[in-house]
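S.K.: Need coordinates for the below:
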Amino acid sequence: MVDRLIEVSLRNRFLVVAFFLLIGGCGYWALLTTPIDAIPDLSDNQVIVFTDWPGRSPQEVADQVTYPLTVSLPGLPGVPRAIPAACASDRRPPRDPLSRHIVQTLPGPCARSMTRRRIPCTLSSGVIGPSPTVVPLAR
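M.R.: Residues are numbered from 1 along each chain as shown. Alright, predicted model coming up:
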């Protein structure tokens, strides 16, 4: 059967080339006319924790809010790291009384709820006033 196919292909080279050009042209046409519905999101799964503590100095917020969150959030299952947002871009000391964390998580449905449950346990050691919130998804 294969021998017969090879013989016919060798005798009719023009038809074989025309057939492959037709198939290639159809593929190119399909590439151009197929609508692209969405671009996949290739970024890491992230949970952003934002804490506002008005009336406090930036250093006090860094010592009593940012550091405890930075230490405790990577202890969650499936969290390889939690980065304070000020440290993610530069190494300067904070300039405002805000604490922002980017918690990179492994894929899973429970990352936001686990982060939300861990925050009160972290700041319950005598710190009264700051109210950390998990930023809503922007998708």
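S.K.: Quick check: closest non-adjacent residue to V16.
M.R.: Among residues not flanking V16 along the chain, S9 sits closest, at 5.1 Å (CB to CB, 6 or more residues apart in numbering). Backbone N, C-alpha and C define where each C-beta goes, glycine included.
S.K.: chain center to the helix or strand hosting L21, what's the gap?
M.R.: In this structure, L21 sits in helix 13-33 according to DSSP states H and E. Distance of helix 13-33 from its chain centroid, counting by CA atoms, centre = their mean, to the nearest Å, is 39 Å.
S.K.: who does that helix touch, helix- and strand-wise?
M.R.: Helices and strands touching helix 13-33, by 3 or more CB pairs under 8 Å, 6 or more residues apart in numbering; DSSP states H and E: there are none.
S.K.: could I get that helix in PDB with only the CA atoms?
M.R.: Only the C-alpha atoms of helix 13-33 are listed here, as PDB (Å, rounded to 0.1, in the frame of the first residue of the first chain):
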ATOM      1  CA  ARG A  13       4.700  15.400  -8.600                       C
ATOM      2  CA  PHE A  14       2.700  18.500  -9.700                       C
ATOM      3  CA  LEU A  15      -0.500  17.200  -8.000                       C
ATOM      4  CA  VAL A  16       1.400  16.500  -4.800                       C
ATOM      5  CA  VAL A  17       2.900  20.000  -4.700                       C
ATOM      6  CA  ALA A  18      -0.400  21.500  -5.600                       C
ATOM      7  CA  PHE A  19      -2.100  19.500  -2.800                       C
ATOM      8  CA  PHE A  20       0.400  20.700  -0.200                       C
ATOM      9  CA  LEU A  21       0.100  24.300  -1.400                       C
ATOM     10  CA  LEU A  22      -3.700  24.000  -1.100                       C
ATOM     11  CA  ILE A  23      -3.400  22.600   2.500                       C
ATOM     12  CA  GLY A  24      -0.900  25.300   3.400                       C
ATOM     13  CA  GLY A  25      -3.100  28.000   1.900                       C
ATOM     14  CA  CYS A  26      -6.100  26.800   3.900                       C
ATOM     15  CA  GLY A  27      -4.000  26.800   7.100                       C
ATOM     16  CA  TYR A  28      -2.900  30.300   6.500                       C
ATOM     17  CA  TRP A  29      -6.400  31.500   5.700                       C
ATOM     18  CA  ALA A  30      -7.600  29.800   9.000                       C
ATOM     19  CA  LEU A  31      -4.800  31.600  10.900                       C
ATOM     20  CA  LEU A  32      -5.900  35.000   9.600                       C
ATOM     21  CA  THR A  33      -9.600  34.500  10.000                       C
END
